[in-house]
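Visitor: sequence below, structure please.
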Amino acid sequence: MKTNFHTHTSLCRHADGTAEDYVKSALSSGLAQLGFSEHAPYPDVDFGRRLLFSELKDYLEEVDALALKYRGNIRIHKGLEIEYLPKYRSYYEELLVKWGVEYLLMGEHFYINPQGEQANIYEATSSTGQYLAYARTVAEGMKTGLFAAVAHPDLYMLNPFAWNDDCKRAADLIIDTATATDTILEYNANGLRWEQRSYPDGVRAPYPHEKFWEMAAQAPIRAIVGSDCHNPANIWDDAMEKAYANLKELGIHPVYQLNPV
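Guide: Here you go, the predicted structure:
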C-alpha cells in the first residue's frame, strides 16, 4: 500500500504547487492515503519558511474540501509539521483539539541548547557536543504523546561532523524514547534527494544517516517512510523507492499509516 503523510505546498514558502496538485500527483502515483503536513505557524512569532498563523484556518479548510472532493479515490488527512518547544505545549494541544488537526509531525529544526536557549539545527554548531541537547528536546516532545511521529530524527547529522560518541548518544536517546513511547520514527526520503556531500566520515547524503538507522534496526521501533515532498513530482519518486529499499536491507518493516489516522 502506498501512503505518504509528509507533504508540503507553496504555503510554506519554500515548496512548489497547490494542495490539489499534490492530490493529483498522489492519484497518478497510486497512493491510497495522502497526509498534508504543512510547516505550522506559531501564534505569537513568525519563524519564517512556513504557513502564517493567519492562513491556518484556510489551510485546514482547503484540506477538508479536498478530502471531500476526492472521497472514494484517496483518503486525505490534515496534519502539521512543527518543532517541539516546551513553552508551546498548550498550543500543540489546541491544534489537535480546537483546530481539528489529525496529526502532528515533530520536525525538530529548533531545540533547547545546554544554555536553555532556543537554537537552530541548521546553524553550524562548534562541535557535536550540542547533539545530546537536540536529542533531549526530541525525547521530551515524544514523552508528551502529542506527536504521531518524529520527522527526520537524524536531521542533526546534516552538520559537517563525523559520526562519533556524541552522535551515538543522541541516537540512543531518540531511539530508546521512541521505543518507550511507541512513537514512530520517519525515514525521510527528502534527505536522499539532497546532493551528496563530502563529510569527515565520507561522501553521503546529510540524512538519513546509515549508522543512526543501523542502531534503529536493533530496537523494536516503528518506522515510516515520509516523502517530505516540496514538489508534486516528488510524491512518489526514485527517492521513495530507495528509502523503502534501504529499510528492507536493514531488516526494518515500515508501517504505512500514523496512529490514530
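
Visitor: ok, and the closest non-adjacent residue to L146?
Guide: Y92 (4.7 Å; Cβ to Cβ, 6 or more residues apart in numbering). Any C-beta I mention is one placed from the backbone N, CA and C, and that applies to glycine too.

Visitor: distance between the helix or strand containing the one you found and the chain's centre?
Guide: Using DSSP states H and E, Y92 sits within helix 89-97. Taking Cα atoms, centre = their mean, to the nearest Å, one finds helix 89-97 lying 18 Å from the centre of the chain it belongs to.

Visitor: and the contacts of the helix or strand following that helix?
Guide: For helix 89-97, the following helix or strand on the C-terminal side (DSSP H and E) is strand 103-106. The contact list for strand 103-106 (Cβ atoms under 8 Å, 6 or more residues apart in numbering) reads 5-6, 35, 37, 40, 77, 79-84, 92, 95-96, 138, 141-142, 146-151, 186, 226, 258, 260-261.

Visitor: buried sites along the helix holding Y92?
Guide: Neighbour counts over helix 89-97 (16 or more other Cβ atoms under 10 Å) mark Y91, Y92, L95, L96 as buried.

Visitor: with stretch 102-110 instead?
Guide: For stretch 102-110, the neighbour count (16+ other Cβ under 10 Å) marks E102, Y103, L104, L105, M106, G107, E108, H109, F110 as buried.

Visitor: and stretch 235-252, by the same measure?
Guide: Applying 16+ other Cβ under 10 Å to stretch 235-252 flags I235, W236, D237, A239, M240, A243, N246, L247, L250, I252 as buried.

Visitor: how about stretch 121-139?
Guide: 121, 125, 128, 130-139.

Visitor: and those residues, which two are furthest apart?
Guide: T125 and A139 (18.5 Å; Cβ to Cβ).

Visitor: which of the buried residues of stretch 235-252 fall in helices?
Guide: Residues of the buried residues of stretch 235-252 located in helices (DSSP state H): A239, M240, A243, N246, L247, L250.

Visitor: any chance of a markdown table for those residues, columns distance to L192 and pLDDT?
Guide: Formatted as a markdown table, these follow (distance: Cβ to Cβ, whole Å; pLDDT from 0 to 100):
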| residue | distance to L192 | pLDDT |
| --- | --- | --- |
| A239 | 4 | 98 |
| M240 | 9 | 98 |
| A243 | 6 | 98 |
| N246 | 8 | 98 |
| L247 | 12 | 98 |
| L250 | 14 | 98 |
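
Visitor: name the nearest of the buried residues of stretch 102-110 relative to K211.
Guide: For these, the nearest to K211 is E108 (18.9 Å; Cβ to Cβ).
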